[in-house]
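*Asks:* Coordinates only, no sequence provided:
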């Protein structure tokens, strides 16, 4: 059963070494992520699963000890998803950022796993994946990585789209109130058009949280660089 969840944005710029001179710009987001992870630790889970968007080569499960890197972003910085040695398949960037956040928080409260979710995964399969995760242990927690639309400004990665602000506002309301039904009806096609990579991971969370009766708090909401970033804690 799901007992807690933290929702965090997934840009590698969260890692100060990657952001370099712009590191201070996401300082508030990092602080909010730390607060959300504290909620996870306080829930004393038997299993923590880190869920994030992944391209075709990086989809699927990752065991504890899986490694990731930010070398593709020009930084010689490596991360690991908990202790252990789990082979050579590298974490996708979203799970690498999640691993960095957990390492920064000194996570040691429960076994760790990762799940890379494809952006095209339809809502029904996302919900079912979440249900299966929640059923694995008596106390399950999720760290859900993912961004909102990438179309909030003219300089955003996806350019300006007038639909982006409303989409992000709906996502923020749902994440901040632990509204499972509202997350489940987020429009997958619209999310794809707006480059909202968090849609599928958020709907995995919705499936996992069905019947759990969790409350939510929105700890951070902003759109630096024209991309919607949210931090929320459910417990």
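*Replies:* Cool, the structure landed. All of these numbers come straight from a predicted model, not from anything done at the bench. Residues are numbered from 1 along each chain as shown.

*Asks:* show me what contacts the residue most central in space within the chain?
*Replies:* The residue lying closest to the centre of the chain (CA atoms, centre = their mean) is residue 145, at 0.9 Å. By CB atoms under 8 Å, 6 or more residues apart in numbering, the residues touching residue 145 are 8-10, 50-53, 94-95, 97-98, 198, 201. Using the backbone N, CA and C atoms, a C-beta is placed for each residue, glycine as well.

*Asks:* Equivalent analysis for residue 191, please.
*Replies:* By CB under 8 Å, 6+ apart, the contact list for residue 191 reads 149, 167, 199.

*Asks:* Could I get the full set of strands for the chain?
*Replies:* For the chain, the strands defined by DSSP state E cover 2-8, 47-54, 60-62, 67-69, 78-80, 112-118, 140-145, 216-222, 229-234.

*Asks:* would a markdown table of those with distance to residue 157 be doable?
*Replies:* Converted to a markdown table, these look like this (distance: least, CB to CB, whole Å):
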| stretch | distance to residue 157 |
| --- | --- |
| strand 2-8 | 19 |
| strand 47-54 | 14 |
| strand 60-62 | 25 |
| strand 67-69 | 21 |
| strand 78-80 | 23 |
| strand 112-118 | 19 |
| strand 140-145 | 17 |
| strand 216-222 | 16 |
| strand 229-234 | 13 |
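
*Asks:* Nearest to residue 208 among these would be which one?
*Replies:* strand 2-8 (4.6 Å; CB to CB).

*Asks:* where does the protein have low pLDDT?
*Replies:* In the predicted model, the chain carries pLDDT under 70 at residues 22-23, 86-88.

*Asks:* Report how many residues lie close to residue 55.
*Replies:* 12 (other CB atoms under 10 Å).

*Asks:* Make sure it is actually in contact with residue 92.
*Replies:* Yes - if you go by CB atoms under 8 Å, residue 55 and residue 92 touch, sitting 6.7 Å apart.

*Asks:* quick one: residue 34 from residue 10, how far?
*Replies:* Computed with CB to CB, to the nearest Å, the distance linking residue 34 and residue 10 is 16 Å.

*Asks:* Hmm, I typed the wrong one, I wanted residue 166.
*Replies:* Counting by CB to CB - residue 166 and residue 10 are separated by 22 Å.

*Asks:* residues contacting the residue nearest to residue 78 when sequence neighbours are not counted?
*Replies:* Closest residue to residue 78 apart from its sequence neighbours, by CB to CB, 6 or more residues apart in numbering: residue 69 at 4.9 Å. With contact taken as CB under 8 Å, 6+ apart, residue 69 is in contact with 77, 78, 79, 90, 96.

*Asks:* how near is the residue nearest to the third one when sequence neighbours are not counted to residue 150?
*Replies:* With CB to CB, 6+ apart as the measure, residue 99 is the residue that lies nearest to residue 79, at 4.2 Å, once sequence neighbours are left out. The gap separating residue 99 from residue 150 is 23 Å, by CB to CB.

*Asks:* re the thing from before, how many other residues sit next to the residue lying closest to the residue nearest to the centre of the chain once chain neighbours are set aside?
*Replies:* With sequence-adjacent residues excluded and distances taken as CB to CB, 6+ apart, residue 145 is closest to residue 52, at 3.5 Å. Residue 52 has 30 neighbouring residues, counting by other CB under 10 Å.

*Asks:* circling back: look at residue 166 and residue 10 and report which has more neighbours.
*Replies:* Just comparing residue 166 and residue 10: by other CB under 10 Å the higher neighbour count belongs to residue 10, 24 against 12.
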